[in-house]
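**Q** Sequence and predicted structure, then a few things I'm wondering about:
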Amino acid sequence: MQTISIKDVYRNTETYLNKNISISGWVRTVRVSKSFGFIEVNDGSFFKNLQVVFEENLPNFKEVSSLTLSSAIKVEGILLASPGAKQAFELKASNVTIEGLSQPDYPLQKKRHTFEYLRTIAHLRPRTNTFSAVFRVRSVLSYAIHKFFQERGFVYVHTPIITGSDAEGAGEMFRVTTLNFEKLPRDDEGRVDFSKDFFGKETNLTVSGQLEVETYCMAFKNVYTFGPTFRAENSNTPRHAAEFWMIEPEIAFADLNDNMNLAEEMLKYVISYVLENAPEEMEFFNNFIDNTLFAKLDNVINSEFEQITYTKAIEILEQAKEKFEYPVGWGLDLKTEHERYITEKYFKKPVFIINYPKEIKAFYMRMNDDNKTVAAMDLLVPGVGEIIGGSQREERLEILEQRMGELGLKEEDYWWYLDIRKYGGTKHAGFGLGLERLLMYITGMSNIRDVVAFPRTVKSADF
RNA sequence: UCCUCGAUAGCUCAACGGUAGAGCACUCGGCUGUUAACCGAGUGGUUGUAGGUUCGAAUCCUACUCGGGGAGCCA
């Protein structure tokens, strides 16, 4: 008899009803009486469990009655309509094979656990309802992102994880080295001699694939990266991880407006896709994690995202009755409290803020005609804050070189980045989207450590 | 890194200067349709670590470690 998935049983019930089937999975809970009992089995294919009914006539009735939580079993039997209120059908067992018995000190209860405790058993937490839902949605979301870009002809580019450009500037980096720390090679001035290192120079883990992907953008026109990113920042917040995944599309012959349209279209697409393709999981999140979730997501899908300039945002904040802890003024960066006010209280929907002062943004962003602002965009969403940061890139060689000079960046460190401006450069734009931030927004999970399988954060790299 | 709150049984918590307790988990027993099953009994503790105050400390004080929340930085 072929073993079928529990998802298949739920999705194609008519095919299997009143027929003999076989399933395999892990015991979520057992309820026994003297001569019969119930087992709820989860096989990982589906959020919901399948209820198995067993009776005294099983040859191993006693062993089955005392099954421990999370034991691995295989069940053969007939799928019947269930008289119980909480499920439409159940599997009446004719044979239960115990594949792997779980020890009685299994640390997960049938009761609710705190997320803090579950983080200490990250190897077991995917067996809980919440994490089963989170990581199935993470998978569906990742697929939706690829599907969105692939359907539009974008080329998926694998930018390097180990980077040799020592001047990315997007944050503190993790050094990659094979040097022996006990005996570091030194140069004449007593400094560590990286020419003796594996790559013959200083190397680090990437903090962004943007600069590299821009070069492929100038060959394939529409490209994206989707991969791990590393930041060694000492950030202790529920929104930061040292290792996270980032999506970075880059589009050629395109300006900031094209960029915003792409971001808006992508977000609406992937949220809709997850709602359609993981309905049980999303129902769970809406019921148990955040009961405003569906309303929030519907609002994103159905509203036109607002677009305002940085200058306008400052005006709004200056006129707000709200008391802010940090000062507001043209030229000052927007703080979390300001961003929250604008997206949550003033507009109550996603907002693009564009055209920031050049002083508070990166060197590669395109200078606007006013010579004061650059074509940057941040997308703020209610509840999470900044979810996307992007810009139109400076394609004019002289202006880019001038900006780098102002900021003290050395041209020789960026020779290849400057080269793409020399050989058929064109206007282009792109943005970065944090996968985990988006996943938090879609699931309502409030800590990034609970949407990463084995989170790496300050002072923590267990498992 | 700063501010703030916390750490007691495997888990979630109570006890707030005077003999450390409950629910769940686990073990045993009972129960013919359960749904975080239910009913009865039992097992389970150097109260995060190190000092200090006190006749006496889980409780008060100090430091440290770890965790939560907020801020900065950002995705």
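**A** The structure has been received and is ready for your questions.
**Q** my guess is residue A:286 meets residue A:298, correct?
**A** No - using Cβ atoms under 8 Å as the test, residue A:286 is too far from residue A:298 to be in contact (10.7 Å). Backbone N, C-alpha and C define where each C-beta goes, glycine included.
**Q** Between the two, which is the more surrounded one?
**A** residue A:286 (18 against 12; other Cβ atoms under 10 Å).
**Q** Tell me which residue in the stretch 1-150 of chain A sits closest to RNA strand B.
**A** The minimum distance from the stretch 1-150 of chain A to RNA strand B, using Cβ to the nearest atom of the strand, falls at residue A:84 (2.1 Å).
**Q** check contacts around that residue.
**A** Contacts for residue A:84 (Cβ atoms under 8 Å, 6 or more residues apart in numbering) come out as A:51, A:90.
**Q** Tell me how far it lies from residue A:95.
**A** 22 Å (Cβ to Cβ, to the nearest Å).
**Q** now residue A:435
**A** For residue A:435, the distance to residue A:95 (Cβ to Cβ) stands at 43 Å.
**Q** next one: residue A:332
**A** According to Cβ to Cβ, residue A:332 stands 71 Å off from residue A:95.
**Q** before we move on, back to that, the residue of the stretch 1-150 of chain A closest to RNA strand B - that's part of a helix, no?
**A** No - under DSSP: H, G, I helix; E, B strand; the rest coil, residue A:84 sits outside any helix and is assigned coil.
**Q** what about the helices in the stretch 101-250 of chain A?
**A** Here the stretch 101-250 of chain A has its helices, by DSSP state H, counting those that start in this stretch, at A:115-120, A:129-151, A:210-220.
**Q** so can I have a markdown table of those helices showing mean pLDDT?
**A** What follows is these, written out as a markdown table (pLDDT from 0 to 100):
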| stretch | mean pLDDT |
| --- | --- |
| helix A:115-120 | 94 |
| helix A:129-151 | 97 |
| helix A:210-220 | 96 |
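**Q** hey, which of those helices is tucked in deepest?
**A** Ranked by mean neighbour count under mean count of other Cβ atoms under 10 Å, these are led by helix A:210-220, which reaches a mean of 21.
**Q** Would that helix count as contacting RNA strand B?
**A** No - for helix A:210-220, no contact with RNA strand B is found by Cβ under 7 Å from any atom of the strand; the gap never falls below 8.6 Å.
**Q** Contact residues of the stretch 301-450 of chain A facing RNA strand B?
**A** Within the stretch 301-450 of chain A, the positions lying close to RNA strand B (Cβ under 7 Å from any atom of the strand) are A:326, A:333, A:335-337, A:385-389, A:432-434, A:436-437, A:446-449.
**Q** Which of these fall within helices?
**A** A:336, A:337, A:436, A:437 (DSSP state H).
**Q** Now do the first one against residue A:385, distance only.
**A** Spelled out, it's residue A:336. 6 Å.
**Q** and if you look at the second one?
**A** Separation of residue A:337 from residue A:385 (Cβ to Cβ): 10 Å.
**Q** So for these two, which residue has more residues nearby?
**A** More crowded of residue A:337 and residue A:385, by other Cβ under 10 Å: residue A:385, with 19 against 16.
**Q** per-residue pLDDT, that one?
**A** According to the prediction, residue A:385 has pLDDT 81.
**Q** That one touches residue A:344, doesn't it?
**A** No - taking contacts as Cβ under 8 Å, residue A:385 lies outside contact range of residue A:344: 9.1 Å.
**Q** Provide the backbone phi and psi angles at the residue of the stretch 1-150 of chain A closest to RNA strand B.
**A** phi -70, psi 160 (degrees, to the nearest 10).
**Q** So what's the model's average confidence on stretch A:9-21?
**A** The average pLDDT within stretch A:9-21 is 95.
**Q** residues of it that come out buried?
**A** Neighbour-count burial for stretch A:9-21 flags A:9, A:10, A:16, A:21 (criterion: 16 or more other Cβ atoms under 10 Å).
**Q** closest to residue A:121 among these?
**A** residue A:10 (28.2 Å; Cβ to Cβ).
**Q** secondary structure class for residue A:74?
**A** Secondary structure assignment for residue A:74 (three-state DSSP): strand.
**Q** quick one: the strands in the stretch 1-150 of chain A?
**A** A:20-32, A:36-42, A:50-55, A:72-81, A:89-100 (DSSP state E, counting those that start in this stretch).
**Q** ok, the longest one near RNA strand B or not?
**A** Yes - in this structure, strand A:20-32 sits against RNA strand B according to Cβ under 7 Å from any atom of the strand; the contacting residues are A:29, A:31, A:32.
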